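# attaching a predicted model along with its sequence, questions to come.
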Amino acid sequence: MADVEEFLSTEEMEAIGLELEQVKILKGCFDGFADEDGAIPADNVGGILSMMGMKFKPSALREIIEEIDEDGSGLLEFGEFCQLAAKFLVEEDDEALKKELKEAFRIYDKDQLGYISTETLKEILREIDNKLTEEDLDGIIEEVDEDGSGTLDFDEFMEMMSG
């Protein structure tokens, strides 16, 4: 296989949010379906992504294709194909992260009240990094407990944990 950096620079990969291994896999898939001009008809993209195990809504796919196919040719070149695939790959990662955080939150929300106390949060943070001082912890709490309620709901917890 040709070096993928001929088709997509390291900067472009980072901007799209893909790693080199992912781009190599996408290149292999792309090459299997591209025409002699090095493009895939936009109409075929949904089938290709499905074969790669990606889940998507047809309406979302159409919107993204319209956004990415800037020249309106109805054909996606390799860079455009990577941009499209990245949106679904990154989305899956976000969903997995949210699911893991929801499970962690549920464990700490022992009384199932829909929030955890800032004291519980301090315990969590100490487990993650035992070098944090009381001052560090207070600073973090002040930042994430914006309303000063002394509690964190799931959204605040997720925001803090996912940066």
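On my side now, so go ahead.
# continuing past the strand or helix carrying Glu21, what's the next helix or strand?
Assigned by DSSP states H and E, Glu21 falls within helix 20-33. Later in the chain than helix 20-33, the nearest helix or strand by DSSP H and E is strand 40-41.
# which elements pack onto that following strand?
Judged by 3 or more C-beta pairs under 8 Å, 6 or more residues apart in numbering; DSSP states H and E, strand 40-41 is in contact with strand 75-76. Using the backbone N, CA and C atoms, a C-beta is placed for each residue, glycine as well.
# and if we set it to 10 Å?
The contact analysis (3 or more C-beta pairs under 10 Å, 6 or more residues apart in numbering; DSSP states H and E) places strand 40-41 against helix 20-33, strand 75-76, helix 78-108.
# mean confidence score for the next helix or strand after it?
Remark: after strand 40-41, the chain's next helix or strand is helix 42-51, criterion DSSP H and E. Average pLDDT, helix 42-51: 81.
# secondary structure class for Leu132?
Secondary structure for Leu132, judged by DSSP: H, G, I helix; E, B strand; the rest coil, is coil.
# buried ones in the helix or strand hosting Glu127?
Using DSSP H and E, Glu127 maps to helix 118-128. By 16 or more other C-beta atoms under 10 Å, the buried positions in helix 118-128 come out as Thr118, Leu121, Lys122, Ile124, Leu125.
# quick one, what contacts Arg62?
By C-beta atoms under 10 Å, 6 or more residues apart in numbering, the contact list for Arg62 reads Ala42, Val45, Gly46, Phe56.
# distance check, the second one against Leu75.
As for Val45, its distance to Leu75 is 10 Å (criterion: C-beta to C-beta, to the nearest Å).
# joint contacts of these two?
Common neighbours of Val45 and Leu75 (C-beta under 10 Å, 6+ apart) are Asp69, Phe81.
# between those two, which is the more surrounded one?
Val45 (23 against 19; other C-beta atoms under 10 Å).
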